[in-house]
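Participant: Predicted coordinates and the sequence they were generated for:
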Amino acid sequence: MLMKIRLFFVTILMLLSAAAASAQSQEVSGVVTDAADGTPVPFASIAVKGTMTGTSAAEDGSYTINVESRDSAVLVFSFVGYKTVEIPVNGEIIVDCALEMEASYLSDAIVVAYGTMTREANTGAVTSIKNEGLAESPAMTVDKMLAGKMAGVQITSGSGQPGSTTTIRVRGTSSINAGNEPLWVIDGIPVAPGDFRQLSNAGVGGGSSTTFLNPNDIESITVLKDAAAASVYGSRAANGVIIVTTKTGQSGQAKFTARAKYGVQQLINDHNIRPLTGQELIDYNRMALTNAGQNPDAYTTDLLANGTTDWYKELTRLGNVQEYEINASGGTEKATYYSSLSYYRNKGVFYGVDYNRFTARVNADMQLAKKLKTGVRINFNYGDSNSGQMGDLYYSNPIYSMFTINPWSPMYDENGEYNSAIQENSNTNPRAVAEYDTYNDKEYKAQGTMFLEWKPIPQLTIKTTDSFEGTFVNSTQYWDPRSNKGVSRLFMYRTNDMRLTTSNTITYADEFAQAHNVRVTVGQEAMSERYEYYGGMSDDVDPQIPYPTTSTKEKDQIDYGLSEETLLSFFGIADYNYMNKYFFQGSVRADGSSLFGSNMKWGVFWSVGGSWNISSEDWMQPVSSWFNLLKLRASYGVNGNNNITPYRAYGVYSSAVYNGIVTMQPSTPANPELAWEKNKAWNVGLDFGFFNYRLTGSIDVYDRLTTDMLLSKEVPYTTGFSSNFMNTGSIRNRGVEFMIEGDIIDSGDWNWHAGFNIAFNRSKVLDIGDSEYLTVSDSRPSSNGNNSTPVRIIKDRSLYTYHLRDWYGVNPSTGAGLWWTEDGKLTSDYTKARYVDMGSPEPKATGGFNTTVSWKGLSLSAYFEFVTGHKVFETASYVQDGYNLSSGTNTTNLALNYWEKPGDTGVTPIVIAGDPGNYSASSTRYLKKGDYLRIKDITLSYSLPDSVLKKIRMQGIRVYVSALNPYTFHDLNVLDPEVGYLGYSMGASHSMVKSFVGGIEVSF
Amino acid sequence: MILFSAAFVSGLTACQDFLVREPKLEQSNEITLSTYDGLNSATAGLYGYLSEIGWYGQVFTLGTDMRSGNGVKDDVRNSNRFTQEYNWNYLPTNSTGIWSYAYVTIAAANNIIDNLAGKTETDVTEQDLNNLKAECLFIRALAHFDCVITYAQPYTYKSESLGVPVVLHTDSEGKPARETVAKVYEQIVTDLTEAETIIDPEYVRLDGTDSKAAANLDAIRALLSRVYLYMGNWQKAADYATLVINSGNYQMWTPAEYPDVWGKNIAGEGGEVIFEVFSSKSNYSHGNWEDITWMTSPDGSGDAMVSNDLLALYDQNDIRYTAGFRTTDTNNGKGRKWTAKYPGKGEGSPDANNIIVLRLSEMYLNRAEALKNGATIAGVTPESDINTIRSNRGVASIGSVTIQDIKNERRMELAWEGHHVFDLARWGDALTRTDFTLGTMNQNIPFPDYRWALPIPQRELDVNENLVQNEGY
């Protein structure tokens, strides 16, 4: 019917134009249609090239335009979302134009909660990245690749250890205790957060573990940043949602791709920090003892008689990384598949540290009947990680001991065995530990998801997605007598976590009167998770047979843990748009969780959003040839956060064996009112595109308000507990995000693409109950039970603020350290120094920029990441100022810039053995600007041209070399400035590494 | 329709059940505190805290001796432990952590005391409940006592100065202020006296491996003797010491027994032990490489070495000298010695060792000191009590004892059991150290001085604005 009407109009038009052909200026007319389906493209713009003349098509796609000469004129047809076309009139009266969709931008399907959506229809703040942007870099996990690539998504590695996890913050830190990691949704199923490895310390960074995913299997990643986008995930959406979609096959001949890469790694130490040499340390210690009025003769060159050892060099090595992968995809009209197999191996830069991973994936889709479709996504992962005691401030941790073991302590004893008589390191030789001890986790993970989709009528989709996720970890820790003072001890743990999820939706989508588009989804979801571990410790096992069987029953101890969690949800989403110009979206979700108090299990979360496609308005048409897109978005919503450990609502006693019997001790205080943490957020954004989408970008402004914050409030020990978990407090995060990218040169063989993103976030603590501030504890164990950090949470300030004694500097005439006192005077008495709340480890701005230049098949790309506006507390320089002498250890070259004579400035204080003046005690002396600019990745690649490929019957061959983290610009006295979100490293985590990798990729 | 409603209602119920996941490995407060069995297990749980590293398990016991001049640091064994105690280098941010253990214990005891009333059952008499209450009162008193001697000036010096908070009921909101030293002692005496009154004189907790690791009437009285001694209430100190000595339940170790009494798994009947802390790897808490055995072993970290100042006090034939210390030839050019009171009970390496809190010889020492200061007990003199100890240690009797003799005897007898620094404080004696190897500050500390009261942990001040820091910090 439509077609007929249109034909009729076109015919009329043709007649009319013919009639007007004799006019002074010559008239040309025609119809602008969509090349794909022949429907008219209303309001398309038509211009005469080289003139000011232009018009736009009517609602039915028809147009008429006057040209000076039909013989020479060229018409330019353009419209938002379509490729611009130039057509010479060539003397014709009728010039029809079929516009092709601009495939790459607006109509791009982006994956959102429970479905996909075009960019055009999206109302929320969403950042999406396709695999092409990801798979080039040699990082081994998905999360690490994303760093610096998305505005407002800050990714911090807590550790450079192979196979380690990352901390991800979407738009700042919104919670103190309920977790800040975003929800990961893989192929429609929220996955189990966290890391179940017990011993390898790879999870020391906390946060997100996506080590089980092969990055090359990923089709796209979308980050849902604001409430509208994320709130469909309700109680778990407060920290944003990361949606990962894996690849599926295309019907056609089987296509194979094989990849191989190999590279080397070393520890990042761009400031060349090193331990002191033997002579340096002797001079340093003698001076320190002399200054303390003690006899310096304990340190003479006699110590050097047997040579010295560079422990930094001896405890580190050149690591390597290799990865091999093959995948196949293809299918028929009815069935498609994608499958892959990959092996990854990373030998760490410290001895005894490595990581191996196998992953296998099968994705298959099948059209069972005309209206019935099914598919499976199956991923298997085996990860094997070995680590020394990385992450603990313990003598066997090389990152600590490589700076503290004295150079005259030899690596080997006279028998050529590892020397363990290293008193300053508690008689522990880290190399011996690496050699003889075991810290191993073997992780087996299986994820299987299947879906069944029925479309009884075209508008209605009924879908069920069901998933199983199982993680099994076998952990072994073995202390060998050779490295543990003659003692052998074995720990073995078996951990399993199983999660079942079912997600069921009904979607109705239709268009009414060609203007009103409606989509409604209602759904239900349920999740059940069970975590269990069973472990044993066996003392004095036989070193020849280091298994529990060689320990006596009396020396075996069993440990056991169990926790369960359930979640039940009902939700609805509605979208409406009018003429693809005005868009509205609303969602509501009710979540019930087993984690909360009996009165507080259910929470309701909702959001509304709208957007206005301004560039579709008539009055924008005059500029539409170059101003292709302008879209305003706004949203508001309420999300929840339930990211806490189970059973926090229950007041319980737990068992404690003492004096041979099972006794009971209070373990947690009761809190039946424990409820969701709420996150209320609004977002206003603007998307724009110019010059035929060669320049695109967006800007977003947001405000996130966390209320009813779950706080583990430190309480006086006089209550019987160190902390109590409750809903109190409020934090606000506000920010601006800006992204822009463009093809600066796009001409034939040459292409230059560049992108830039930056995000500003400010947090403010609005309410922390009745306290003025909260202290922040470190999860690391400490010998004196003092886990306090220099960081506090203070009302009316940004989330984390350093609380430290106020350092002034060095007295140039005596070399003594000086601090400010309460009344603004200088003092050299540490105990009289005032405390100041100063600086925050939270960056003011984060972002990145990238550029790619390519010529034919040759491409050079670089990614940069920057973090600025935050302070870092330099714990690594803690081994300074004669403090080393009370423990008899070495120190680093950072200690050498000390005060020597009156008048010295820009130096560290006078070095006195034992540091009686507490100059090296914690103070703002160690607080520095943490700004850094990291070259994340430089890659040079070459793809063979088609002409060559045809001859050798290949579809594609690409070779590349990459440098990952080759250099970082910063001013800190630390190995690497990426020290974690609390602004200071434990002084013990595996520092970051740099890699140089080469690889080849072949498809056939 | 009815069918539909029924399905809907049962569906809803199922939802509620689906969302209930209770902890299976723990027991609710309600269940624990509503039955005698629960209360009894919770009472037994109180003693466990004493074995923690931060309290008797190591820091309170050894740290005290490392401060007192009995211990020395030397580079023959140095893993950088006890440097703080040795140098008295205390700041509010790194003060000693007994506070946390003591108040957690007090709160756990209060939980039980508050819930005992009316919990008689079949086979559970009022006396059974009273026995539990007496144990709780004993532990509560001991915890308050250890705190007040650590964080406050001695009673005998300034009883009206700030002590520590007195906590008598479970209160999750409470922010108690510090009471005066006198008030704290008053409560300790009240608790112990009530415990003494209500406990069945024959009651001994028998469910554990080591029956001396639980309080009974003698332990309550022995602690009372010590508390009165610390208050300078000489007559009461002597009276309670006499009650324990005359109970007939304990005998002084002979020189022949002395070398073998220290590493035992259980104290057993007879002997000197009145109350001790049971330590074992099978306990929920064991210090591992921080265990007291490892700190005092020449084959371990061995940081806690015996000072020449202490060694110089002993007669060469004193069994406490010949068997109370051990040494090694390996890596020990200076011939340093370590205490032999924690040799380990043979649970592997690192080992475990019980820690004696109250024993008979202390009762004699308490009484001798009290008598010397004016208390009277028929038939005994300071000389007879001191010589009871000396004769059992293989050294000659003293004809006429001075107060200094009593002090020296007490130091020699109770060395490495966590007494001397608190004794110095209550005597008002300065700390003088001549063997101060590796020391960097605070070699000698006069009395009075602010340093005799350690700083209240900053963390507590941060969360409880009613607390006031000690002067000088």
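Facilitator: Great, that's in hand.

Participant: For B:Gln187, give me phi and psi.
Facilitator: phi -70, psi -40 (degrees, to the nearest 10).

Participant: excluding its backbone neighbours, what's nearest it?
Facilitator: B:Val166 (4.8 Å; CB to CB, 6 or more residues apart in numbering or on different chains). Backbone N, C-alpha and C define where each C-beta goes, glycine included.

Participant: Now that neighbour, what are its backbone angles?
Facilitator: Dihedral angles for B:Val166 - degrees, to the nearest 10 - are phi -110, psi 120.

Participant: got it, and A:Val948?
Facilitator: Given degrees, to the nearest 10, the pair of backbone angles that A:Val948 has is phi -70, psi -40.

Participant: Against A:Arg259, how distant is it?
Facilitator: Noted for A:Val948: a distance of 19 Å to A:Arg259, by CB to CB, to the nearest Å.

Participant: repeat for A:Tyr312
Facilitator: Relative to A:Arg259, and taking CB to CB, A:Tyr312 is found at 35 Å.

Participant: Equivalent analysis for B:Gln316, please.
Facilitator: From B:Gln316 to A:Arg259 the distance is 79 Å (CB to CB).

Participant: Neighbour count: the two, which is higher?
Facilitator: A:Arg259 (19 against 7; other CB atoms under 10 Å in any protein chain shown).

Participant: Would you double-check that that one falls in a helix?
Facilitator: No. With DSSP: H, G, I helix; E, B strand; the rest coil as the criterion, A:Arg259 is located in strand rather than a helix.

Participant: Pull the contacting residues for it.
Facilitator: A:Asn216, A:Glu323, A:Tyr324, A:Glu325, A:Ile326, A:Ser342, A:Gly999, A:Ile1000, A:Glu1001, A:Val1002 (CB atoms under 8 Å, 6 or more residues apart in numbering or on different chains).

Participant: want to try JSON lines for the residues you listed, with neighbour count and secondary structure as columns?
Facilitator: Formatted as JSON lines, the contacts of A:Arg259 follow (neighbours: other CB atoms under 10 Å in any protein chain shown; DSSP: H, G, I helix; E, B strand; the rest coil):
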{"residue": "A:Asn216", "neighbour count": "20", "secondary structure": "helix"}
{"residue": "A:Glu323", "neighbour count": "22", "secondary structure": "strand"}
{"residue": "A:Tyr324", "neighbour count": "15", "secondary structure": "strand"}
{"residue": "A:Glu325", "neighbour count": "20", "secondary structure": "strand"}
{"residue": "A:Ile326", "neighbour count": "15", "secondary structure": "strand"}
{"residue": "A:Ser342", "neighbour count": "20", "secondary structure": "strand"}
{"residue": "A:Gly999", "neighbour count": "21", "secondary structure": "strand"}
{"residue": "A:Ile1000", "neighbour count": "14", "secondary structure": "strand"}
{"residue": "A:Glu1001", "neighbour count": "20", "secondary structure": "strand"}
{"residue": "A:Val1002", "neighbour count": "17", "secondary structure": "strand"}
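
Participant: got JSON lines for the residues you listed, with pLDDT and distance to A:Asp354 too?
Facilitator: Formatted as JSON lines, the contacts of A:Arg259 follow (pLDDT from 0 to 100; distance: CB to CB, whole Å):
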{"residue": "A:Asn216", "pLDDT": "78", "distance to A:Asp354": "21"}
{"residue": "A:Glu323", "pLDDT": "88", "distance to A:Asp354": "14"}
{"residue": "A:Tyr324", "pLDDT": "92", "distance to A:Asp354": "16"}
{"residue": "A:Glu325", "pLDDT": "89", "distance to A:Asp354": "19"}
{"residue": "A:Ile326", "pLDDT": "91", "distance to A:Asp354": "23"}
{"residue": "A:Ser342", "pLDDT": "90", "distance to A:Asp354": "17"}
{"residue": "A:Gly999", "pLDDT": "88", "distance to A:Asp354": "20"}
{"residue": "A:Ile1000", "pLDDT": "89", "distance to A:Asp354": "23"}
{"residue": "A:Glu1001", "pLDDT": "86", "distance to A:Asp354": "25"}
{"residue": "A:Val1002", "pLDDT": "88", "distance to A:Asp354": "27"}
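
Participant: if we take the residues you listed, which one ends up nearest to A:Asn517?
Facilitator: Of all the contacts of A:Arg259, A:Asn216 has the smallest distance to A:Asn517: 36.0 Å, by CB to CB.

Participant: Touching, that closest one and A:Ile326? I think so.
Facilitator: No. Counting by CB atoms under 8 Å, A:Asn216 sits too far from A:Ile326 to count as a contact (10.2 Å).

Participant: In chain B, what helix or strand scores lowest on average pLDDT?
Facilitator: helix B:2-18 (a mean of 59; mean pLDDT, DSSP states H and E).

Participant: what do A:Asn216 and A:Ile326 both touch?
Facilitator: With CB under 8 Å, 6+ apart, A:Asn216 and A:Ile326 have common neighbours A:Arg259, A:Ser340, A:Ser342.

Participant: and whichever strand or helix holds the second one, C-alpha only, in PDB?
Facilitator: Element membership of A:Ser340, judged by DSSP states H and E, is strand A:335-347. The C-alpha trace of strand A:335-347 is given here as PDB (Å, rounded to 0.1, in the frame of the first residue of the first chain):
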ATOM      1  CA  ALA A 335      23.300 -23.000  12.500                       C
ATOM      2  CA  THR A 336      26.400 -21.000  13.200                       C
ATOM      3  CA  TYR A 337      29.300 -21.600  15.500                       C
ATOM      4  CA  TYR A 338      32.400 -20.000  16.900                       C
ATOM      5  CA  SER A 339      35.000 -22.000  18.800                       C
ATOM      6  CA  SER A 340      38.400 -21.300  20.200                       C
ATOM      7  CA  LEU A 341      41.200 -22.800  22.100                       C
ATOM      8  CA  SER A 342      44.000 -20.800  23.600                       C
ATOM      9  CA  TYR A 343      47.100 -21.300  25.800                       C
ATOM     10  CA  TYR A 344      48.800 -18.500  27.700                       C
ATOM     11  CA  ARG A 345      51.900 -18.700  29.700                       C
ATOM     12  CA  ASN A 346      53.600 -16.000  31.700                       C
ATOM     13  CA  LYS A 347      56.800 -16.600  33.500                       C
END
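
Participant: give me the number of residues near the nearest residue to B:Gly270 once chain neighbours are set aside?
Facilitator: Take B:Gly270 and drop its neighbours on the chain: the residue closest to it by CB to CB, 6+ apart is B:Gln251, 5.3 Å away. Using other CB under 10 Å, B:Gln251 has 13 neighbouring residues.

Participant: before we move on, what about A:Gly561?
Facilitator: 12.

Participant: Provide the secondary structure category for it.
Facilitator: Under three-state DSSP, the three-state class of A:Gly561 is strand.

Participant: for residue 89, what are its contacts?
Facilitator: Looking at chain A here, since you left the chain open. A:Val28, A:Val67, A:Arg70, A:Asp71, A:Ser72, A:Ala73, A:Val74, A:Leu75, A:Val95.

Participant: could you do chain B instead?
Facilitator: Contacts of B:Asn89 (CB under 8 Å, 6+ apart): B:Thr83, B:Thr440, B:Met441, B:Asn442.

Participant: I am finished for the moment; much appreciated.
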